[in-house]
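Engineer: need coordinates for the below:
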Amino acid sequence: MKNIILKSKLIFVIFATVLAVSCSADDSIDRVIGDAGMQSEQGLPGTDGENGTTGSDGVDGANGEDGTNGTNGSDGVDGANGEDGTNGTNGSDGVDGANGEDGTNGTNGSDGVDGANGEDGTNGTNGSDGVDGTDGEDGTDGEDGNTNVIASDWLEPTEDSYSVNNARYKSLVLADRISQNIMMEGVFLVYYDNDVEITLLPKNYLATGVISKTVETSINHASRRLYVSIRKFNSDLIAGEYLWNPSGPAYNRGIRFRYVIIPSVTNSKNNSPDFKKMSYEDVMNHFELAH
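Structural biologist: Coordinates of the predicted model:
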């Protein structure tokens with residue numbers, strides 16, 4: 001912008017100078033002509049002079065110094081806290097809804113039709129009376145004995161005695177290779193000694209009126225084995241409920257088993273007692289077995 005202004009000023013100066021010179025020459029000529037009494041035509045305008053060269057830009061002035069920063073204004077005083085608003089009133093409780101109406105009772109179904117009575121069967125013909133046979137001679141009563149009775153010693157189980165040994169279920173083989181005839185017709189008596197009393201199995205233990213433990217016997221006809229099983233329903237079995245410790249304290253040594261197998265021949269007499277209703281001592285005494 002500065003260059004443009006300088007150039008404009010230079011052109012104006014040159015133009016003014018040329019004009020002044022031209023005017024001075026014309027005055028001189030006019031005076032000469034006037035003096036000579038001659039009158040001449042006005043001369044042709046002269047050609048424009050060449051533009052002068054553009055002057056160089058002036059030197060930029062130095063930047064002024066930055067003004068000093070103004071001081072920060074002091075903080076205004078905090079306004080006073082406004083008063084707390086009053087609490088709103090509690091809304092009233094809503095009205096309880098009305099109870100729904102009871103449903104109607106369903107209609108009773110109709111009774112079914114009674115079936116027809118079946119026809120009475122015909123009475124059979126009476127058979128003819130048979131001929132009375134001659135009375136046979138009374139035989140002599142045989143002596144009771146224990147020749148065919150199979151009795152075990154007391155089996156005192158250990159952990160290795162059980163073929164099935166779960167926390168709540170134990171299975172123990174008492175006898176095997178039992179004959180087919182004895183399995184079908186013999187009497188099996190398995191006694192359970194808990195070091196307090198000897199009882200005939202099966203035996204159930206109750207807790208609050210519900211069976212909590214069972215001790216039972218069973219015969220596997222395929223393998224011809226006599227088993228005893230112990231099952232607990234609400235908790236795991238403890239050692240004293242399925243093991244026997246001969247060196248333990250009296251009345252708390254655990255449990256053990258003994259069986260008596262009575263073949264059908266020994267049990268076939270008309271005067272033979274019901275061994276399952278007899279006590280352990282009576283059965284042992286009857287067959288003269290050691291207790």
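
Engineer: contacts for stretch 163-178, please.
Structural biologist: 150, 152, 155, 157, 159, 161-162, 190, 217, 219, 223-233, 235-237, 242, 257, 259, 261 (Cβ atoms under 8 Å, 6 or more residues apart in numbering). Just so you know, the C-beta spots here come from the backbone N, C-alpha and C atoms, and that holds for glycine as well.

Engineer: emit the ChimeraX select command for whichever of those residues are buried.
Structural biologist: Of the contacts of stretch 163-178, the buried ones can be selected in ChimeraX as follows, counting by 16 or more other Cβ atoms under 10 Å:
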select :150,155,157,161,162,190,217,219,225,226,227,228,229,230,231,232,237,242,257,259,261
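
Engineer: pLDDT score assigned to residue 266?
Structural biologist: At residue 266, the model reports a pLDDT of 60.

Engineer: can you check residue 117 too?
Structural biologist: According to the prediction, residue 117 has pLDDT 61.

Engineer: before we move on, what about the one 10 residues further on?
Structural biologist: Predicted confidence (pLDDT) for residue 127: 46.

Engineer: now swap in residue 53 and tell me
Structural biologist: 72.

Engineer: go on, the one 10 residues further on?
Structural biologist: Looking at residue 63, its pLDDT reads 70.

Engineer: state the helix or strand in which it lies.
Structural biologist: Assigned by DSSP states H and E, residue 63 belongs to neither a helix nor a strand.

Engineer: what about it, how many neighbours?
Structural biologist: Applying other Cβ atoms under 10 Å, we find 6 residues neighbouring residue 63.

Engineer: the contacts of stretch 163-178 in strands, which ones?
Structural biologist: Taking DSSP state E as the definition of strands, the contacts of stretch 163-178 contribute 150, 162, 190, 217, 219, 225-232, 257, 259, 261.

Engineer: from the residues you listed, which two are the most distant?
Structural biologist: Spatially, the most separated pair among those is 150 and 232, at 30.2 Å (Cβ to Cβ).

Engineer: hang on, the earlier thing: with the ones in strands among the contacts of stretch 163-178 in mind, which one is nearest to residue 277?
Structural biologist: Distances from residue 277 to the ones in strands among the contacts of stretch 163-178, taken as Cβ to Cβ, are shortest for residue 190 (15.3 Å).

Engineer: I'd say the closest one and residue 198 touch.
Structural biologist: No - using Cβ atoms under 8 Å, residue 190 is not in contact with residue 198; the gap is 11.0 Å.

Engineer: secondary structure class for residue 51?
Structural biologist: The three-state assignment at residue 51 reads coil, by DSSP: H, G, I helix; E, B strand; the rest coil.

Engineer: mind checking how far it is from residue 57?
Structural biologist: Between residue 51 and residue 57 the computed distance is 18 Å (Cβ to Cβ, to the nearest Å).

Engineer: and residue 194, by the same measure?
Structural biologist: 128 Å.

Engineer: the more surrounded of those two?
Structural biologist: Per other Cβ under 10 Å, whichever of residue 194 and residue 57 has more neighbours is residue 194, with 18 against 10.

Engineer: phi, psi of that one?
Structural biologist: For residue 194, the backbone dihedrals (degrees, to the nearest 10) come out as phi -100, psi 20.

Engineer: returning to what we had before: return the member of the ones in strands among the contacts of stretch 163-178 nearest to residue 208.
Structural biologist: residue 232 (14.9 Å).

Engineer: show the contacting residues for that closest one.
Structural biologist: 168-169, 212-213, 241.

Engineer: who wins for neighbours among those?
Structural biologist: Most crowded among those, counting by other Cβ under 10 Å, is residue 213 at 18 neighbours.

Engineer: leaving out the residues flanking it, which one is nearest to that residue?
Structural biologist: Spatial nearest neighbour of residue 213, chain neighbours left out: residue 205 (4.1 Å); criterion: Cβ to Cβ, 6 or more residues apart in numbering.
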